[in-house]
Structures are given as structure tokens and as C-alpha cells.
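*Asks:* Quick one, structure for this:
(one chain, ligands or ions: 2)
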Amino acid sequence: MIVANQIDKFYPNGCHALKTVSATIQRGEVVVVIGPSGSGKSTFLRTLNQLETISSGSITVDGTDMYAKGTDINKLREEVGMVFQSFNLFPHMSVLENVMLAPLKVSKRNKREVEEHAKALLYKVGLESRMNNYPSQLSGGQMQRVAIARALAMKPNIMLFDEPTSALDPEMVGEVLDVMKSLAKDGMTMVVVTHEMGFAKEVADRVLFMEDGELLVEDTPADFFERP
Ligand code: ADP
Ligand code: ADP
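*Replies:* Numbers count the residues shown, from 1 in each chain. Ligands and ions are numbered 1, 2, ... in the order given. Alright, predicted model coming up:
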């Protein structure tokens, strides 16, 4: 569904963050991206929904070239959910309001429907009892689960996770990974940048290993983690 073909990325300061990276993400697949800090993992992820532009190469989504003239980037972005290391919830809005905000902005959707869907998603991430709380009343793990529900509220075809557990206290990592595992089980297409090797071993269909802007290895977790 997403094909990155020989993409290169230079930042304005000249940093060559991606070097001829090619990768395909199939529908329903969970792809985990690992590698040292600064190797380009986050940049790669961000090019998949055009938070970063690419300098050369191409990215197609279901056959549509992201960079072709006339491509509706907003529509493509709606189909891609993103979860960051920092949760970025609006502090003055309740949990439920945070989850409803983005789909309400899409004018076609009716409020009642958006609300029912948001509640179902909060149930799914185990936070239905917290829907009227404000973010400041939640733990980090709970806030990240709200952020996942918020991304799902747009009914994305694919979910991108950029180190979703790196900012959490260790005891909260599990609850977020559990939500991600359940999404994977439901067949969600996912690309996950993480240092959680247990998650990669258990959940990934494929592991991409990056180093210094290059995609060095692409393998099944079984082969990747048994490599001597
Ligand atoms: P990772 O996610 O693997 O830690 P990044 O994709 O964040 O790696 O960074 C890859 C390289 O690009 C690093 O050398 C980083 O310093 C550089 N970089 C990231 N973002 C920017 C930016 N906005 N401007 C310039 N250089 C950047
Ligand atoms: P991450 O790996 O999660 O992207 P970083 O600390 O690498 O975290 O980057 C944090 C922010 O700083 C990002 O928005 C990134 O684009 C930006 N950034 C990273 N490296 C550079 C750099 N060398 N010059 C300018 N901006 C950078």
C-alpha cells in the first residue's frame, strides 16, 4: 500500500538524513523500524505522511504518488494516523473532546456519530471511565492511550508510531504496548519506530534496521534477532 522508492532526504542544513531508502509496507503489516539515535528513523516515518518532504525518489500510497501535482495531501494525511513520543493533547479540553476534535473538523461527519465512535475508541484503549477528565489528571501511559484513540478517530488506514513509549515511566510502557498489540491483532497497518525489542520480536512482521541514513537490513524478526 505504501511504496517508498529510493528516497533521499537532505535537511536545509545539508544533513543527509535518508540515503536511497526503499521500502514497501503492505496492508495489515506491522513494520518496526530500529537503529541508533540519529540514523533517520524518525525522518523516514515523517516522510510517510509528508511531515517532511523528500529531496528525491518517490512515495506512493495505494498507487497515488504523494508528490504528484493534484494529489490531495490533506486526504492522504487523514488516512495516516500518527502518534508521537510527546502526547500533544490539548490541556483545556477533556479526554473525549480531544478525541472528537479532528473528526469534527471534517465537516461531513456528524457530531453524534463522532461522539459514539470516540467513546468506543476510549473503551478500546481502556479509558472510557476517564472521558470527562482533563489530560493533567492522567498518567503518561493514559495520555498516550488517549493520543492513540485520537489518531484512530480519523479512521486511518495506517498508523505511524514515533517512539511512542520513550517518554513514559517504565511501569507505563506495557499498557501502551498492549493497546498497540491489540491494534496489530485487528489487522491495522502499522509502522513503529521503537527501542522496544520485545515488541519487535513479538508483533513485527518485518524489522527495518537503519544506520546513518541507510536502510541496512530488512528481515523477519525471527531472522533478524537470531542473526549472530
Ligand atoms: P532518529 O529518529 O533515528 O533518531 P532522525 O530522523 O531524528 O533520526 O535524524 C536523522 C538525522 O537528521 C540526524 O543527523 C538529525 O540530527 C538530522 N535531523 C533531524 N531533523 C532535522 C532537522 N529538522 N534539521 C536538520 N537536521 C535534522
Ligand atoms: P526524534 O528522533 O524523536 O525526531 P530528535 O531529538 O532527533 O528527536 O529531534 C527533535 C526535533 O528536533 C525534531 O523536530 C527534529 O526534526 C529536530 N532536529 C533534530 N536534529 C536537528 C538538527 N540537527 N537541526 C535542526 N533540527 C533538528
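
*Asks:* Let's verify the residue nearest the centre of the chain: helix, strand, or coil?
*Replies:* Here the mean C-alpha position of the chain is nearest to the C-alpha of residue 160 (Cα atoms, centre = their mean), at a distance of 1.5 Å. Three-state call for residue 160 (DSSP: H, G, I helix; E, B strand; the rest coil): strand.

*Asks:* ditto for residue 69
*Replies:* With three-state DSSP as the criterion, residue 69 reads coil.

*Asks:* how many neighbours does it have?
*Replies:* The tally of other residues near residue 69 (other Cβ atoms under 10 Å) stands at 5. Using the backbone N, CA and C atoms, a C-beta is placed for each residue, glycine as well.

*Asks:* cool, residue 219 as well?
*Replies:* Counted by other Cβ under 10 Å, the residues lying close to residue 219 total 15.

*Asks:* now it: how far from residue 69?
*Replies:* With distances defined as Cβ to Cβ, to the nearest Å, the gap from residue 219 to residue 69 amounts to 37 Å.

*Asks:* again with residue 29
*Replies:* When Cβ to Cβ is applied, the distance between residue 29 and residue 69 equals 29 Å.

*Asks:* Likewise for residue 130?
*Replies:* For residue 130, the distance to residue 69 (Cβ to Cβ) stands at 45 Å.

*Asks:* Write out the residues of this structure neighbouring ligand 1.
*Replies:* Within reach of ligand 1 by Cβ under 6 Å from any ligand atom, the chain has these residues: 11, 13, 15, 17, 35, 37-43.

*Asks:* residue in this structure nearest to ligand 2?
*Replies:* For the chain, the nearest residue to ligand 2 under the criterion Cβ to the nearest ligand atom is residue 42, separated by 3.6 Å.
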